[in-house]
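Peer 1: Coordinates only, no sequence provided:
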């Protein structure tokens, strides 16, 4: 995969993380308290790990 394709995937993963955070909040409560539901929180952490690994791979790629 090219560097550009990996960046697009990384952006999509960040979007999914934002959706998880938004869905986990109570209606009308937009303050940040983290994700209370354990399954959603684990999904969020898995996505975060994917982002970190993708960022590392992108940084290690030569100028593609």
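Peer 2: Yep, it's here. Predicted model, so just to flag it, every value in this text is computed and none were measured. Residues are numbered from 1 along each chain as shown.
Peer 1: Within the helices and strands, which one has the nearest residue to residue 1 once chain neighbours are set aside?
Peer 2: With sequence-adjacent residues excluded and distances taken as CB to CB, 6 or more residues apart in numbering, residue 1 is closest to residue 9, at 8.0 Å. (Glycine included, C-beta is placed from N, CA and C.) Here residue 9 sits within helix 3-24, counting by DSSP states H and E.
Peer 1: Under a three-state scheme, what state does residue 53 occupy?
Peer 2: Secondary structure state of residue 53, per DSSP: H, G, I helix; E, B strand; the rest coil, is helix.
Peer 1: count of residues packed around it?
Peer 2: Other residues near residue 53 come to 11 when the count uses other CB atoms under 10 Å.
Peer 1: Equivalent analysis for residue 24, please.
Peer 2: 15.
Peer 1: Quick check, pLDDT for it.
Peer 2: At residue 24, the predicted lDDT confidence score is 79.
Peer 1: Also residue 1?
Peer 2: 87.
Peer 1: Which residue, other than its chain neighbours, is closest to the residue nearest in space to the middle of the chain?
Peer 2: The chain has residue 14 as the residue nearest its centroid, 3.4 Å off, counting by CA atoms, centre = their mean. Spatial nearest neighbour of residue 14, chain neighbours left out: residue 51 (6.5 Å); criterion: CB to CB, 6+ apart.
Peer 1: Enumerate every residue touching the one you found.
Peer 2: 10, 13-14, 17 (CB atoms under 8 Å, 6 or more residues apart in numbering).
Peer 1: how about low-confidence regions in this structure?
Peer 2: The model of the chain has pLDDT under 70 over residues 27-34, 63-64.
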